[in-house]
Structures are given as structure tokens and as C-alpha cells.
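Peer 1: Got a predicted structure plus its sequence, pasted below:
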Amino acid sequence: MNKNTICLWYDGSAEEAANFYAATFPDSHVGPVTRAPADNPSAKAGEVLTVEFTVCGVSCIGLNGGDMFKHSEAFSFQVHTDTQEETDRYWSAIVKNGGSESRCGWCKDKWGISWQITPRVLTQAMSQGGNSAKRACEAMMTMGKIDHAAIEAAAGG
């Protein structure tokens, strides 16, 4: 296990989420699963307590802690994409698997984790500053899933 690991709280579905992430994103995999050694407030003995996994190279652990804490947009995974096809693939995988759409490239998976599916064309346009960044930002504010061609057109004037 890495020295720094993101711990994500689930209500009994950590292993399902980890398997979905590993099947959806590159450089992702599921690692060891730990089962509860005894009954506890969130799991019976033998049920999955934690699962180690990696999402796009980021080390995580899913904890089946029960229903007392919920995810919020205060935490999100940001996945950078190079093509519209890649943006569409990740966005659709999350949304069509029980997730929900939001604005400006954000969506939420069925477990409540927020994702920013962020095309590099957008971050490049924003880093240019000036009117190009302003136009790209204004275009982004009208979108759910980011449209690469529309951002390029807006940034170019």
C-alpha cells in the first residue's frame, strides 16, 4: 500500500465500485479485499470491510462503513481526456451505470462519487488567459458533458 491513500466510504458496495472503476478507467485495478473479522456496526463477520484499488494511477481504499456518511462534490476525481471519444466513453460509463449528469464536465456515479471528465483542450484554453480563456469558460458554463469542438471554436474566437 502507498504511503498516501484516498479512503472512500461506501454503504456496503466498495467492491462493486472498485470493480467498476477498474473496468472503466486506464491504469486502474482492484487489489486486496479485507473481510470483517467479527461483526461490527457496518458489516457482519466475513463480509467485505475494505477493498484496495487504483483509479487512473491513484491509490484508494474503499471502506464499507455503513450509511451514516454521504459523498459530496467537495471531493471529486478529475480525469483528463485527449479526444471527444474518450470524454464520451468515460461520461457515458458513469452516467449509464446509474450515475447522473451535472454541469461543466461534472457527473456523479451511482455511489455518489463526483467525477470531472475534463478535456485537455479545455484546460489548455483556460491556461491561455485573456479573451480566449473567457470565451472557453463561457462556452463550458453552458455544457454538461464537455464538447471538444465547441471549446476549440470558442477559444479560437
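Peer 2: Ah, there it is. Residues are numbered from 1 along each chain as shown.
Peer 1: The residue lying farthest from the centre of the chain: what secondary structure?
Peer 2: In the chain, A38 marks the outermost C-alpha relative to the chain mean, sitting 31.6 Å out by C-alpha atoms, centre = their mean. Under DSSP: H, G, I helix; E, B strand; the rest coil, A38 falls in the coil class.
Peer 1: ok, it touching L49?
Peer 2: No - taking contacts as C-beta atoms under 8 Å, A38 lies outside contact range of L49: 10.1 Å. Every residue, glycine included, has its C-beta placed from N, CA and C.
Peer 1: hang on, the earlier thing: tell me the contacts of the closest residue to the residue farthest from the centre of the chain other than its chain neighbours?
Peer 2: Distances taken as C-beta to C-beta, 6 or more residues apart in numbering place A45 nearest to A38, at 5.1 Å, with adjacent residues excluded. Contact analysis of A45 by C-beta atoms under 8 Å, 6 or more residues apart in numbering lists 35-39.
Peer 1: out of these, which are buried?
Peer 2: Taking 16 or more other C-beta atoms under 10 Å as the criterion, what is buried in the contacts of A45 is A36.
Peer 1: Let me know the helix or strand that the residue nearest the centre of the chain is in.
Peer 2: The residue lying closest to the centre of the chain (C-alpha atoms, centre = their mean) is W115, at 3.3 Å. Using DSSP states H and E, W115 sits in strand 114-119.
Peer 1: so how far is that strand off the chain centroid?
Peer 2: How far strand 114-119 lies from its chain's middle: 7 Å, per C-alpha atoms, centre = their mean, to the nearest Å.
Peer 1: Can you list the strands that that strand pairs with?
Peer 2: Applying DSSP bridges to the sheet, strand 114-119 is found paired with strand 76-81 (parallel), strand 106-108 (antiparallel).
Peer 1: how far out from the middle of the chain is the shortest one?
Peer 2: What that stands for is strand 106-108. That offset, for strand 106-108, works out to 7 Å (C-alpha atoms, centre = their mean).
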